[in-house]
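# Fold the following for me, if possible:
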Amino acid sequence: MVTVFIRWTWMRAVLHNGWWLVTSVYLVVDAGLSPAELVLIGSVQSAFALVFEVPAGVIADTISRKWSLVISQVLMGTAMLATGLFSSFPTLLATQVLWGISWTFASGSDVALITDELDEPGRINHVLARAARAQLTGAATGLVVLGLLAWATRRDLTIVIAGAAMAALGLYVAFRFTEHNFVPTRTARWSASWNTFRRGVTLVRRSRAILLIFAATFLVNGAASTAGRLTQKQLLVLGLPTAPNPIVWFTALGVIGLLVGAVVLRLVTRRIDGAHAATDYALAAAVGALGMLLLAFAPDPFVGAVAVVLLNGIVQPLTRVISTIWVNARTTADIRATTHSFLAQLKYLGEIVCGLTISTIAGLTTLPLALTGCAVLFAATAVLMRRPVTR
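This is a model prediction of the structure:
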């Protein structure tokens, strides 16, 4: 099951990240969306995902984690495919909302499923770290393959192909994933769902360590998600070449960042679930603050590209895997997916609150000042994670 899970993680990353590379350029170049519209899409998408997150997590804890992942794949592929069929802001907003909802059925369900099926507490953190590395190498592969496809054909066609493949990946989950160690609730599901939700809330309220990582997740994900939607715009403003095709340059930057991330995760695998986890999280956030300032005030696209590599290669991989392992180690099997859904809610809430704030700054001032706002959020996270950690 571990091998099957790692392969699925890799394949999903290929399609998701390659699709997002092409889509991020499509939204700017083909659809012509403004910086404020780009960030607004992320905020509205997060608002819908915030609403769906906990119900999706409770369904995974009471009915099935495997079939939650199948639903996620089908919805995700549909949203991805539809993105390539439209270019107006309202329709693109709708496809991105569906895409955000699709992730709510996967966040927490994947970690909960592999944790239960493995049933070896001493190995799970290593497996999750392997999955994180597979996600990065898969993402790099996706950037190259789908980036080349978009360059050789058309961006909208590539988006549609990636979406169809993502939906088809649901068949891999349906036929290859097992769910032997999960017992679904067969009676009084509404009551059981409510009790699962309550137990999850109680766990979070009583754990200062979980509350700390929730607060850090709110800040760092709000900064990273918002910055990710403004990166392409800023690099083009700085003079990134548009010939032969901007996809080529964004692909190269993405691959470099992901490969750096895979190396960094391999180097720190033994640290991120121990006493150094909080320190590593704080250092990653500090690197994020530095990277955003570099991107905001870069004199040329080369310096801006260095900042993007820092964000994609160090900040996002480290903070994501540390928060997942952190929460997974402090929850129990019966509420595992629900607790991870709470973590995802804080991610979405950060995208909404911080995204709307940065969007307002971008609309009223300049893009560099908006990116400086992202740097402030990263810096606040670094300060927060230097506090003493308890269970």
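# how close does residue 366 sit to residue 265?
From residue 366 over to residue 265 the distance is 35 Å, taken as CB to CB, to the nearest Å. Where you see a C-beta, it was placed from the backbone N, CA and C, and this is true even at glycine.
# quick one: which of the two has more around it?
Neighbour count, other CB atoms under 10 Å: between residue 366 and residue 265, residue 265 has more, with 22 against 13.
# quick one: the more buried one and residue 132 touch, right?
Yes. Between residue 265 and residue 132 there is a contact under CB atoms under 8 Å: 5.6 Å.
# name the helices or strands packed onto the lowest-mean-pLDDT helix or strand in the chain?
In the chain, no helix or strand scores lower on mean pLDDT, DSSP states H and E than helix 189-206, which sits at a mean of 77. Of the remaining helices and strands, those touching helix 189-206 by 3 or more CB pairs under 8 Å, 6 or more residues apart in numbering; DSSP states H and E are helix 35-62, helix 208-238, helix 336-364.
# Try it again at 7 Å.
helix 35-62, helix 336-364 (3 or more CB pairs under 7 Å, 6 or more residues apart in numbering; DSSP states H and E).
# Save those as JSON lines, and put in distance to residue 370, mean neighbour count and mean pLDDT too.
Output for these, formatted as JSON lines (distance: least, CB to CB, whole Å; neighbours: other CB atoms under 10 Å; pLDDT from 0 to 100):
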{"stretch": "helix 35-62", "distance to residue 370": "7", "mean neighbour count": "23", "mean pLDDT": "82"}
{"stretch": "helix 336-364", "distance to residue 370": "4", "mean neighbour count": "23", "mean pLDDT": "82"}
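# Switch those over to CSV; also include distance to residue 303.
Listed next are those as CSV, based on distance: least, CB to CB, whole Å:
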stretch, distance to residue 303
helix 35-62, 20
helix 336-364, 20
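# And the ones you listed: which comes nearest residue 199?
In terms of CB to CB, the element of the helices and strands packed on helix 189-206 nearest to residue 199 is helix 336-364, at 7.8 Å.
# how about the CA coordinates for the next helix-or-strand element following the closest one, as CSV?
Using DSSP states H and E, the next helix or strand after helix 336-364 towards the C-terminus is helix 367-384. The C-alpha trace of helix 367-384 is given here as CSV (Å, rounded to 0.1, in the frame of the first residue of the first chain):
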residue,chain,number,x,y,z
LEU,A,367,2.6,45.1,-6.8
PRO,A,368,5.9,45.5,-4.9
LEU,A,369,4.1,46.8,-1.8
ALA,A,370,1.6,43.9,-2.0
LEU,A,371,4.6,41.5,-2.1
THR,A,372,6.0,43.3,0.9
GLY,A,373,2.8,42.6,2.7
CYS,A,374,3.5,38.9,2.1
ALA,A,375,7.0,39.3,3.5
VAL,A,376,5.5,40.8,6.7
LEU,A,377,3.2,37.7,7.1
PHE,A,378,6.2,35.4,6.7
ALA,A,379,8.2,37.3,9.3
ALA,A,380,5.3,37.2,11.8
THR,A,381,5.2,33.4,11.3
ALA,A,382,8.9,33.1,12.1
VAL,A,383,8.5,35.1,15.3
LEU,A,384,5.4,33.0,16.3
